[in-house]
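[1] Okay, sequence plus prediction incoming.
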Amino acid sequence: MKHELAAIALLPVLITQGLYVRKVTPRLPEPMGARSGLYGSGPSLNLLILGDSAAAGVGVATQEQALSGRLVAELGSHFRVSWKLIAQTGYKAKDVLAELSTTAAERFDVVVTSIGVNDVTHETNPRQWINRQGLIVELLRTKFRARHIILSSVPPMHLFPALPQPLRWYLGSRAKCFNSLLQEFVAGCTACEFAETEFPLEPSYMATDGFHPGEPAYCLWASHVADIIRNRLAATITNQTK
């Protein structure tokens, strides 16, 4: 309640700062490179990376430096990875849901998502957002037969250098609220796992816009997610052999 009252009191400042940030923040392009492929050796693994500009790799020059390239490289030493990237700058949960609804059905063993920053900045109601996350997960499990869904957290926006105060505090508070709801959702979804996107928010880890991950951050994110995937698949194999 205190947060909501403070936000109302600061509304004129927040609107002004939001418009200013959109005006002065550099608009970085999505990186060059393939958005699907086959890599590595070992058991087959069908992988989908899904979501917003961070999933798309904004902040680096090539997909090899982005989440997709780093994650595929991590997994390729253990699996023959058939991978696909479906992501676009500006996508909110409702856009991801619409994209999946029109995408041809295929099977994915693992799906990694990054969805939330644009919902935070565009004032999506938190409950509406988490309901859409549930619809996305349901579609992934039914239409795309996904066995494991890794839901990446909304990043710590209260630390983004591109955001001035109090806008940084306000968006950071909303991001924390979204993450709490996402963790509650994951607790009731056996196919899902919450992936905390933690990395040092130092200049060297951020892109030049002060808003997106840089290459070191994508490396850490990919390494963390790869560990989750390997552990989940190992557990699945162990359970199947009991």
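    Looks like it arrived, so ask away.
[2] in the chain, which helix or strand is least confident?
    Scoring the helices and strands of the chain by mean pLDDT, DSSP states H and E places helix 2-9 at the bottom, with a mean of 58.
[3] Please, where are all the helices along this protein?
    2-9, 11-24, 53-56, 67-76, 93-102, 117-121, 126-142, 167-187, 215-241 (DSSP state H).
[4] Ranked by average pLDDT, which of those falls at the bottom?
    Among the helices of the chain, helix 2-9 carries the lowest mean pLDDT, a mean of 58.
[5] Can you get me a residue count around Tyr39?
    Around Tyr39 there are 16 other residues, counting by other CB atoms under 10 Å. Just so you know, the C-beta spots here come from the backbone N, C-alpha and C atoms, and that holds for glycine as well.
[6] likewise Gln183?
    Close neighbours of Gln183, defined as other CB under 10 Å, add up to 13.
[7] can you check Arg232 too?
    Applying other CB under 10 Å, we find 18 other residues in the vicinity of Arg232.
[8] beta partners of the residue nearest to the spatial centre of the chain?
    The centroid of the chain falls nearest to Ser114 when counting by CA atoms, centre = their mean (1.4 Å). Ser114 forms beta bridges with Gly51, as assigned by DSSP bridges.
[9] where does it land on pLDDT?
    On pLDDT, Ser114 comes in at 98.
[10] same deal with Leu163?
    Looking at Leu163, its pLDDT is 85.
[11] ok, it to Tyr205 distance?
    To Tyr205, Leu163 is 16 Å away according to CB to CB, to the nearest Å.
[12] which of these two has more neighbours?
    Counted by other CB under 10 Å, Leu163 and Tyr205 do not tie: Leu163 has more neighbours, with 22 against 17.
[13] hmm, who's touching stretch 209-229?
    25-28, 53-54, 57-60, 65-67, 70-71, 73-75, 110, 112, 148, 150, 152, 155, 160-163, 193, 195-199, 204-207 (CB atoms under 8 Å, 6 or more residues apart in numbering).
[14] Only the buried residues of it, if you could.
    Across stretch 209-229, burial judged by 16 or more other CB atoms under 10 Å covers 209, 211-222, 224-226, 228-229.
[15] now swap in stretch 35-44 and tell me
    Under 16+ other CB under 10 Å, the buried positions of stretch 35-44 are Tyr39, Gly40.
[16] which residues are in contact with it?
    With CB under 8 Å, 6+ apart as the criterion, stretch 35-44 contacts 63, 68, 72-73, 75-86, 109.
[17] Counting neighbours, which of those residues end up buried?
    Those of those that meet the buried threshold are 63, 68, 72-73, 75-76, 78-79, 81-86, 109, by 16+ other CB under 10 Å.
[18] Tell me the spacing between the closest residue to Val154 other than its chain neighbours and Ala34.
    Spatial nearest neighbour of Val154, chain neighbours left out: Gly116 (3.7 Å); criterion: CB to CB, 6 or more residues apart in numbering. Separation of Gly116 from Ala34 (CB to CB): 26 Å.
[19] what does Ser223 give?
    Ser223 sits 21 Å away from Ala34 when distances are taken as CB to CB.
[20] Including distance to Ser44, could the helices of the chain go into CSV?
    What follows is those, written out as CSV (distance: least, CB to CB, whole Å):
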stretch, distance to Ser44
helix 2-9, 47
helix 11-24, 43
helix 53-56, 23
helix 67-76, 11
helix 93-102, 22
helix 117-121, 32
helix 126-142, 18
helix 167-187, 26
helix 215-241, 11
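[21] Leu47 is nearest to which of these?
    Of all these, helix 67-76 sits nearest to Leu47, with 7.1 Å by CB to CB.
[22] From the chain's centroid, how far away is the closest one?
    15 Å (CA atoms, centre = their mean, to the nearest Å).
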